[in-house]
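**Q** Mind looking at a prediction? Sequence and model below.
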Amino acid sequence: MILLESGEMYLETILVLQKSNQKVRSIDISNEMQFSKPSVSRAVKLLKTNGYIDVDTAGYITFTDKGKAVAEEIYDRHQVLTECLQYLGVPEDIAAKDACKIEHDLSQETFAAIKKHMKKYTAPSKKKKA
């Protein structure tokens with residue numbers, strides 16, 4: 001199954017919520033994404049059916065290995081692209097919104113080049129701040 005942008009967004013949101021809350025349920029996703037409960041329920045069912053997540057009897061969502069890999073990749077893209085845009089002078093809030101739009105359509109090759117560039121040119125400034 002090819003995961004669409006919306007599926008990637010759900011996985012990324014679950015990861016972010018897990019980082020802050022540890023345990024995630026559909027209502028948490030609904031609140032975070034400001035989507036209706038039925039929309040989130042449908043998406044969770046699709047992600048579960050396609051092997052990206054598991055949902056226990058209490059409604060708590062966990063990743064499968066496949067789902068965790070996708071979520072971490074999208075989250076990494078978001079972080080790197082946000083940092084890149086901020087490095088160019090874009091305000092943080094706008095950089096985060098724009099990174100969210102870009103992260104799903106960028107090829108692996110282009111993202112790898114951006115990430116390599118950012119590591120090369122931002123590493124010294126990070127060391128100075130520490």
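**A** Arrived safely, thanks for sending. These numbers come from a predicted model, not from an experiment.
**Q** in the chain, which spans are helices?
**A** For the chain, applying DSSP state H gives helices covering 5-21, 26-33, 37-49, 65-87, 92-102, 108-129.
**Q** elements contacting the second one?
**A** If I follow you right, that is helix 26-33. helix 5-21, helix 37-49 (3 or more C-beta pairs under 8 Å, 6 or more residues apart in numbering; DSSP states H and E). (Each C-beta comes from the backbone N, C-alpha and C, glycine too.)
**Q** Which of these sits closest to Ile74?
**A** Nearest to Ile74 among the helices and strands packed on helix 26-33 is helix 5-21; the distance by C-beta to C-beta comes to 4.5 Å.
**Q** Tell me what angle the closest one forms with helix 65-87.
**A** Interaxial angle of helix 5-21 relative to helix 65-87 (axes from the mean of the first three to the mean of the last three C-alpha atoms, to 10 degrees): 90 degrees.
**Q** List the contacts of Leu17.
**A** Val24, Asp28, Ile29, Glu32 (C-beta atoms under 8 Å, 6 or more residues apart in numbering).
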